[in-house]
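>>> need a structure here:
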Amino acid sequence: MSAAVRAAGAVLFRGGDICVVHRPRYADWSLPKGKLKSDEHPLTAAVRELSEETGVRGEPLLRLPDVAYSLPDGRAKTVEFWLMRAAGAAPFTPDDEVDEVAFLSPAEAIARLTYPADRTLVSAARELPEITSVTPIVRHAHAGERKNWNGNDALRPIDPQGAGEAQALAELLPIFAPQRLFAATPLRCRQTLEPLAAKLNLPIVSDAAFAEPADTRDREKIRERVGMAVARLADLRTGPTAVVCSQGKVMPHILAEVAGDADAEDYKTPKGGGWVIAWAGATAAGISRL
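Presented below is the predicted three-dimensional model:
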């Protein structure tokens, strides 16, 4: 059986209008989207495809439901969609892939779009509250095994796998145009953000609010630290976009608290992985897995 096709796209809004594109090859009206390149992150692909098809630079805000369907040749295709805000544009040049771009009211976009799945996405997007800011939060990259490290655990560095993960984050996170970087106090958290800091020429601020307590078995200490982190995130959601690097024993609890969910298990995060908190004022409108 042929491999499934992976693609990514955007529900892009500018002001109160939604972007739709006309594809002459299919004689249809669709949302901007396209296939992933080899090893390309879906969010990178969504931003790239949006720019290639419309000339618009999109600012990702929130991941929307995936769209899955079968191609005429029987292959399965999945499209990862993100809600994006227009953050800049170049002149649009029609080509044989997209020959017309239109910004329409949500109702007009729904009427214009050819496919039910696209119409459903736009309907869902228009029900969302206004996203006022985003905060990407990542878990530190791989740093070997704690049991194999002799010495102060706060000084345990990332390993070669972790270095690759840190570099991957440095390629992905600039999409959010961060202007501030915060890392929990262990060295491995700072090192996870160092390639990003070098790329953006930004300092990294060490912040104990995002670090695990010394005894991670002490539930009261975990709760205290989570409270500190949530209060800190409330500060960071205003002002320039901030990226945060935290640790695996506290991140799920922080995100569950921000989301108002009781089950932190839903927010378990692999090393080098992360999430994006989309804020609607003081409330989290959604938390999207990266």
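>>> where in this protein is pLDDT low?
Confidence mapping of the chain against pLDDT under 70 gives the ranges 1-2.
>>> which strands or helices does the lengthiest helix in it pack on?
As assigned by DSSP state H, the longest helix anywhere in the chain is helix 219-236. The contact analysis (3 or more Cβ pairs under 8 Å, 6 or more residues apart in numbering; DSSP states H and E) places helix 219-236 against strand 133-139, strand 180-183, strand 242-246, helix 251-259. C-betas here are computed from N, CA, C, even on glycine.
>>> and the third one with helix 219-236, angle?
Relative orientation of strand 242-246 versus helix 219-236 (axes from the mean of the first three to the mean of the last three Cα atoms, to 10 degrees): 170 degrees.
>>> how does the chain divide into domains?
5-126, 133-289 (automatic domain parsing).
>>> how far is the longest one from where the chain is centred?
What that stands for is domain 133-289. Computed by Cα atoms, centre = their mean, to the nearest Å, the chain-centroid distance of domain 133-289 equals 13 Å.
>>> next one: the first one
Remark: domain 5-126 is offset 17 Å from the chain centroid, using Cα atoms, centre = their mean.
>>> quick thing: my sequence starts at 4, can you match it?
Sure thing, new numbering starts at 4, so read that last one as domain 8-129.
>>> look up phi and psi at residue 35.
Reported as degrees, to the nearest 10, the phi and psi values for residue 35 are phi -60, psi 130.
>>> hang on, I meant residue 132
Dihedral angles for residue 132 - degrees, to the nearest 10 - are phi -70, psi 160.
>>> wait, doesn't it sit right on residue 288?
Yes - counting by Cβ atoms under 8 Å, residue 288 is a contact partner of residue 132 at 5.3 Å.
>>> hmm, back to that, residues of the longest helix of the chain that come out buried?
225, 228-229, 231-232, 235-236, 239 (16 or more other Cβ atoms under 10 Å).
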